[in-house]
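Asker: the amino acid sequence is not available; the structure is as follows:
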C-alpha cells in the first residue's frame, strides 16, 4: 500500500521522539559519570572513601580504664589483657547461625543455645558485634582467629579485664564492671559510650565511672570490597585518653584489721551480718569500711556464672549489699544522742505536756530541762492503757543526763522525748544528718527514716501518737538509719558540731599525672552551743567509765580515752502478746 502523507509524518515524529530520548539518556549518563569522577577522583571525605576510591570506616579505640589504689599505694583494681569472642549478626547468614553456634560451643565449652540467645537477643544494630564469650584462653582465641572462614561473622577481640587482687576484702567498696545495659546506654550514649562498652556496675567502679572510663580514641580504616576492615590500613586516628586513677583514704592494712575484728565479733555473737566503719571526724575521710558477709568481685571480672550469681542473690545474708550505706536499721539507744541534744539545747518545760492530765508532770523535774535536771528511771512509763517498759535489767531511780546516757535509761528518754515533742525531735535528727543522704562517694546509699507528723499522715492518714513519740526518742518505732549516718552524727558531736560529707577517695590523678585531692565538704554546722555538745560528749564518756562497755575504759592506760554509746533495738523471741523484748 502506498504510504500517505500522514503516515510519513507519523514516522518522522517517531524518529524524532526516539532521537530525543536517546539524547536525554546520553546527557544523563554523562552527568552521572562526571559526578562519579568528581566524587571518586577529585574529592575524599573522611569515612566515605579515599583518593583512590577505597572506602573507609570510623572505628572507636577503647580507652584504658583507670586504676584504683589504697592509701598506701597498693593496687586494688588494675587491667590485664584478655580475649573475647564476638559475632556480628549482619555478617552471619541466618541459615548458618545454628551451625556456627554449635562450632563455637564446642570450642568454648559453652551451650550453643546460650550463644544463639545472646546473638538473637541483642537489641542494637545488626552491624554491632555481640560479645558471646569473654576471658577466652589464648590458644582457643588463636584457633578461632585462624579459622574465621568457617565461622562467618565471628571475630576475636583483645580487651581489658579487671583484676581485683584483694577480692572480698574490698569487694563492697570497689565493686565491679560489666557489659553496659540498654538503660545505661540510653543515658550514656551522648557521652561517647558504645553498646559494647564495659562500665562500672557497683561500688567505686560505678560511682566514679566517668573518671575511670577515660575518653575513647578513633581511627579511619580502609575497607575491602566486602566492607570489612583491611588490617594495617589506617588513614588517621585520634589517641585515646586513659581513665583517671583513684587513691583511697583506706589502707589495706587497716581494712584487714577491721574485717578481722568484725568477723571475730560475729563469730562470738553467733550471727552472720555486721558492719564496721572508721571515719576521721575532722574531715570525713573513711579509714575503713567493712560489710559482712562480702563477695569476691573477681567473680564478676572473670565472668560470673548464672549459678554463682543466683546464689549471691538468694543468700539471706545479702552479700551484694553494702550494709554500711544501703541497709537501714532502727538505731536504738544510739539515737539518744539526738534526744539528749534536743533536751539540753531547747530546754523544754518540765510541766505536763499540753492536753495531758496535770498529774502527769515529770517526776523530780521542775522548771526547764538542763544538764542538772533529774528524771525518774522506773519500770515503765504509762500512757493511757499502754505501758512503755524500761529495758530488761535497766536502771531505777533519779538520773540526770549523764546517768541517763551512761545507763541508757529508756524511761528517762521517754520522758525527755515527750517534753521535747516530735517537731523538735525531728528537727535535731535532721541537723545531725538522719533521714537524708550523707553524700558518700558510693552508689545505692539509703536515706533512712525520721518520722514526722506529715510522714506518718502520708503513710497511715494519722499523726504521730504519744507512744510513737516516746519510741522515737529511743530510736525505735519508725526510725531507721544506715550505719554510716549514725557514725557521721557522732563524728559531728566529737569534732564540736561540724557534719562532714564522708568520702573513701582521697585524691584523683589524671592522664597527665596531675593529682587533685578530694576536697573536704561541710554538710552542716550544728546550731547547738558548745556547752550542749560538751555535755553530750561527757555523757558519752560516762558510758565507758561506768564500765557499761566492759573493759574499754582500760584503754586509758595506753593513752586512749574512749567515748561512745551502745545501742540495741528490739530483737529476740516474741511474747504471748506478739511483743519483742526491750533491750538497752
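Answerer: Structure's in. What do you need? Every value quoted in this text rests on a predicted model; they were computed, and no experiment measured them.
Asker: and the gap between the residue nearest the centre of the chain and residue 282?
Answerer: In the chain, the C-alpha nearest the mean C-alpha coordinate belongs to residue 443, at 1.9 Å (Cα atoms, centre = their mean). In this view, residue 443 and residue 282 are 26 Å apart by Cβ to Cβ, to the nearest Å. Any C-beta I mention is one placed from the backbone N, CA and C, and that applies to glycine too.
Asker: swap in residue 498?
Answerer: Counting by Cβ to Cβ - residue 498 and residue 282 are separated by 9 Å.
Asker: higher neighbour count, the two?
Answerer: Shown here are residue 498 and residue 282; by other Cβ atoms under 10 Å, residue 498 has more neighbours (18 against 13).
Asker: and the more buried one, what's its pLDDT?
Answerer: For residue 498, the model assigns a pLDDT of 98.
Asker: residues contacting it?
Answerer: Contacts of residue 498 were listed using Cβ atoms under 8 Å, 6 or more residues apart in numbering, and they are 492, 522, 524-526.
Asker: in ChimeraX, select just the buried ones from these.
Answerer: Buried residues within the contacts of residue 498, by 16 or more other Cβ atoms under 10 Å, are selected in ChimeraX with:
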select :492,526
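Asker: CSV please, covering the contacts of residue 498 and showing distance to residue 113, pLDDT and secondary structure.
Answerer: As requested, those are arranged in CSV below (distance: Cβ to Cβ, whole Å; pLDDT from 0 to 100; DSSP: H, G, I helix; E, B strand; the rest coil):
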residue, distance to residue 113, pLDDT, secondary structure
492, 57, 98, helix
522, 56, 98, strand
524, 56, 98, strand
525, 61, 98, strand
526, 61, 98, coil
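Asker: sort out which one of the contacts of residue 498 lies nearest residue 458 for me.
Answerer: Residue 458 has its nearest neighbour among these in residue 524, at 24.9 Å by Cβ to Cβ.
Asker: tell me which residues form a beta bridge with that closest one?
Answerer: With DSSP bridges as the criterion, residue 524 is bridged to residue 499.
Asker: what's the spacing between it and residue 546?
Answerer: 31 Å.
Asker: what's the answer for residue 297, then?
Answerer: Distance from residue 297 to residue 546, by Cβ to Cβ: 43 Å.
Asker: show me which of the two is the more surrounded one.
Answerer: residue 297 (28 against 14).
Asker: now do the contacts for the more buried one.
Answerer: 164, 167-168, 170-171, 174-176, 202-203.
Asker: ok, residue 196 next?
Answerer: Counted by Cβ under 8 Å, 6+ apart, residue 196 has contacts 86, 128-129, 131, 179-180.
Asker: repeat that for 10 Å
Answerer: 60, 62, 84, 86, 124, 128-131, 157, 159, 179-180, 185 (Cβ atoms under 10 Å, 6 or more residues apart in numbering).
Asker: for the stretch 301-450 of the chain, what spans make up the helices?
Answerer: Ranges of helices within the stretch 301-450 of the chain are 306-314, 323-326, 336-346, 401-406, 410-420, 422-431, based on DSSP state H, counting those that start in this stretch.
Asker: any idea of the mean pLDDT in stretch 165-176?
Answerer: The predicted confidence, averaged over stretch 165-176, sits at 96.
Asker: buried residues, it. List them.
Answerer: Result for stretch 165-176 [16+ other Cβ under 10 Å]: buried residues 166, 168-176.
Asker: can you give me the strands in the stretch 251-400 of the chain?
Answerer: Assigned by DSSP state E, counting those that start in this stretch, the strands in the stretch 251-400 of the chain fall at 274-279, 286-292, 375-377, 380-383, 386-389, 397-399.
Asker: now the first one: average pLDDT?
Answerer: On average, the pLDDT along strand 274-279 is 98.
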